[in-house]
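In: A predicted structure for the sequence below; I have some questions about it.
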Amino acid sequence: MGVGTTFLRLASLTALAQGLQLDTTFVLSQATRGLSAAGKATCLRGKIKVSAAANNTILLIKSPAGQPDLTQTTVDMAMAGVNYATMVTGGPTQVSGTYQLYVELCVPADPAAALKVKTLQFLNHGGTLDHTYWDFAPGYSYVDAAAAAGHATFNYDRLGYGRSDHPDPNQVVQAALHREIAHQMIGVLRKATVWGKRIKSVVGVGHSAGSALVMAIVGKYPADFDALILTGISASIEGIAIAQIAFNLIPAALDPSGRFNGLDTGYLTQGAVAQDFQFPFYRFPDFDPKIFRKQFETRQITTFGELLTFGSVIAPQPAYTGPVDVVLGQQDYIFCQANCSYPMNQAEIFVNALFPGQGSKSTFLQPNSGHLIAQHYTAGRGFAHSLQFLKRNGL
Ligand SMILES: *[C@@H]1O[C@H](CO)[C@@H](O)[C@H](O)[C@H]1NC(C)=O
Ligand SMILES: *[C@@H]1O[C@H](CO)[C@@H](O)[C@H](O)[C@H]1NC(C)=O
């Protein structure tokens, strides 16, 4: 089951993850093996180093000196007669570096299914979340659902998040650099083999800011993905400003949990009151309070670098002509102001406006769900819809 070229220390991967091999220049360090939430997938976890360069945007901002400073910025962002993003956007600037990223590669735990893997899904989490969004708990795991459908998944903490590196949150942690890092990883994954057989297709899957990132990737590299599953995103922006206020952003380093001690104050998170998390992300009473609690307590960060650069990548993508699936929680506040049927189906508006190419299109409004579709009682319906979409498209 060998692959021809540079194999490095990943040889041990064979034993670790059901024959999943990477033909790659990436070295996985601190590698561990484990199961997904419900045990449908066996996963290899660890850190890789990626060198990337990108044309980021100079942002004329500094990390907040404290809460009053950050609160005023939130006011400025919602000010009448001012486009804050335009006001603080300077010219392009080249950034480059070698960054350590936390990654997870999962293949079906059932050896017979692992032998038949053809498709790998590349998962991109949203803001103030991390890789755990996709594999949160039994019954709330897209990684499990994909493995049960015979797919491999690649899941990671975006730069600045979780166990990945935390460089300058304003000038470095931006959409353009995220895109180049992802593009490099996709190049490697396209050469991955499972039990000696090459992965045939890579699907770009996103949630919220992760969906914006998938769009940024196909905007520059349309051949990176054979299909797209975009969740928690639409073309409707009315709810975003209100949600941003509801976040009640704080410098993460000031979070009373102490989990973010030492981070630059440009790393932000939702306020420490559960309501700051519920309002933008959940619809009561359609979720398990234990799931909510766990997600709130393990919430992650975002940065102004992201908040000010992701907006511009949500744009028409005529160069990408493959299949696209869009899934929204019916009551998503951020992207629909809690009614995704208003004034018409927002998933349909989005897919038709932004993907004018020829590919097959599919949409689903997941009932009884806010923004975090993977963490409401109806999560499984959204997963099943997306996996059916891939099957219909031969993936
Ligand atoms: C950055 O911009 C320069 C000048 O337009 C271009 O030559 C270069 O390829 C860009 N780099 C990346 C990583 O996109
Ligand atoms: C959502 O908007 C649609 C279209 O205007 C409307 O028919 C529907 O009643 C609204 N849904 C709710 C729950 O109010």
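Out: Good, I have the coordinates. Ligands and ions are numbered 1, 2, ... in the order given.

In: residues from the stretch 201-350 of the chain in reach of ligand 1?
Out: Within reach of ligand 1 by CB under 6 Å from any ligand atom, the stretch 201-350 of the chain has no residues at all. In short, each C-beta sits where N, CA and C put it, glycine included.

In: By mean pLDDT, flag the weakest helix or strand of the chain.
Out: Sorting the helices and strands of the chain by mean pLDDT, DSSP states H and E puts helix 13-16 at the bottom, at a mean of 42.

In: Need the residues that contact the host helix or strand of residue 305.
Out: Under the criterion of DSSP states H and E, residue 305 resides in helix 304-307. By CB atoms under 8 Å, 6 or more residues apart in numbering, the surrounding residues in contact with helix 304-307 are 56, 59, 61, 73, 127, 160, 168-175, 178, 209, 244, 266, 268.

In: Look at the closest residue to ligand 1 within the stretch 1-150 of the chain and report its pLDDT.
Out: Closest to ligand 1 within the stretch 1-150 of the chain is residue 55: 3.8 Å, counting by CB to the nearest ligand atom. Looking at residue 55, its pLDDT reads 97.

In: Equivalent analysis for residue 222, please.
Out: 97.

In: just to revisit the earlier point, return the subset of the contacts of helix 304-307 lying in helices.
Out: Here DSSP state H is the test, and these give 73, 175, 178, 209, 244 as lying in helices.

In: how close does the last one sit to residue 319?
Out: Same thing as residue 244. Distance, residue 244 to residue 319, using CB to CB, to the nearest Å: 30 Å.

In: what residues are up against residue 121?
Out: 146, 151-154, 202-203, 205, 229.

In: Neighbour count for residue 244 and residue 319, which is higher?
Out: More crowded of residue 244 and residue 319, by other CB atoms under 10 Å: residue 244, with 16 against 12.

In: hang on, that one packs against residue 74?
Out: Yes - Residue 244 is within contact range of residue 74, at 7.0 Å (criterion: CB atoms under 8 Å).

In: So which residues of the stretch 1-150 of the chain form strands?
Out: For the stretch 1-150 of the chain, applying DSSP state E, counting those that start in this stretch gives strands covering 20-21, 29-35, 41-59, 89-108, 119-124.

In: mean pLDDT for these: which is lowest?
Out: Looking at the strands of the stretch 1-150 of the chain, the bottom one is strand 20-21 with a mean of 56.

In: Could you look up the SS state of residue 203?
Out: Per DSSP: H, G, I helix; E, B strand; the rest coil, the local secondary structure of residue 203 is strand.

In: re earlier: among the ones in helices among the contacts of helix 304-307, the buried ones, what's the ChimeraX command?
Out: Buried residues within the ones in helices among the contacts of helix 304-307, by 16 or more other CB atoms under 10 Å, are selected in ChimeraX with:
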select :73,175,178,209,244
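
In: how about the ones in helices among the contacts of helix 304-307, which pair is most distant?
Out: 73 and 178 (21.9 Å; CB to CB).

In: can you give me the helices in the stretch 251-395 of the chain?
Out: 274-281, 289-297, 304-307, 333-336, 346-354, 379-392 (DSSP state H, counting those that start in this stretch).

In: quick one on the thing from earlier: any chance of the ones in helices among the contacts of helix 304-307 in a markdown table, plus distance to residue 47?
Out: Output for the ones in helices among the contacts of helix 304-307, formatted as a markdown table (distance: CB to CB, whole Å):
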| residue | distance to residue 47 |
| --- | --- |
| 73 | 32 |
| 175 | 23 |
| 178 | 17 |
| 209 | 22 |
| 244 | 31 |
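
In: so which of the ones in helices among the contacts of helix 304-307 comes closest to ligand 2?
Out: Using CB to the nearest ligand atom, residue 244 comes nearest to ligand 2 of the ones in helices among the contacts of helix 304-307, at 22.5 Å.

In: quick one: contacts for the closest one?
Out: Contacts for residue 244 (CB under 8 Å, 6+ apart) come out as 74, 77-78, 307.

In: Any quick ChimeraX command for the buried ones out of those residues?
Out: Restricted to buried positions by 16+ other CB under 10 Å, the ChimeraX selection for these reads:
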select :74,77,307
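
In: how about a markdown table for the contacts of residue 244, with pLDDT and distance to residue 331 added?
Out: Below are those laid out as a markdown table (pLDDT from 0 to 100; distance: CB to CB, whole Å):
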| residue | pLDDT | distance to residue 331 |
| --- | --- | --- |
| 74 | 93 | 24 |
| 77 | 90 | 24 |
| 78 | 89 | 23 |
| 307 | 95 | 23 |
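
In: Go through the contacts of residue 244 and say which is closest to ligand 2.
Out: Nearest to ligand 2 among the contacts of residue 244, counting by CB to the nearest ligand atom, is residue 78 at 24.6 Å.

In: wait, doesn't that closest one sit right on residue 246?
Out: No - Residue 78 is not in contact with residue 246 according to CB under 8 Å; the separation is 11.4 Å.

In: so residue 360 touches residue 323, yeah?
Out: Yes - if you go by CB under 8 Å, residue 360 and residue 323 touch, sitting 4.5 Å apart.

In: Could you tell me which residues touch both of these two?
Out: For the pair residue 360 and residue 323, residues contacting each of them under the criterion CB under 8 Å, 6+ apart are residue 393.

In: Determine which member of those two has the greater number of neighbouring residues.
Out: residue 323 (24 against 12).

In: Skipping its backbone neighbours, what lies nearest the closest residue to ligand 1 within the stretch 201-350 of the chain in space?
Out: Proximity of the stretch 201-350 of the chain to ligand 1 (CB to the nearest ligand atom) peaks at residue 220, 7.5 Å away. Nearest residue to residue 220 in three dimensions, chain neighbours excluded: residue 179, at 6.4 Å (CB to CB, 6 or more residues apart in numbering).

In: What is the neighbour count of the one you found?
Out: Applying other CB under 10 Å, we find 23 residues neighbouring residue 179.

In: Residue 243 now?
Out: Neighbours of residue 243 using other CB under 10 Å come to 18.

In: got a list of what it touches?
Out: Counting by CB under 8 Å, 6+ apart, residue 243 has contacts 279-280, 333-334.

In: Starting from residue 378, give me the distance back to it.
Out: Distance, residue 243 to residue 378, by CB to CB: 21 Å.
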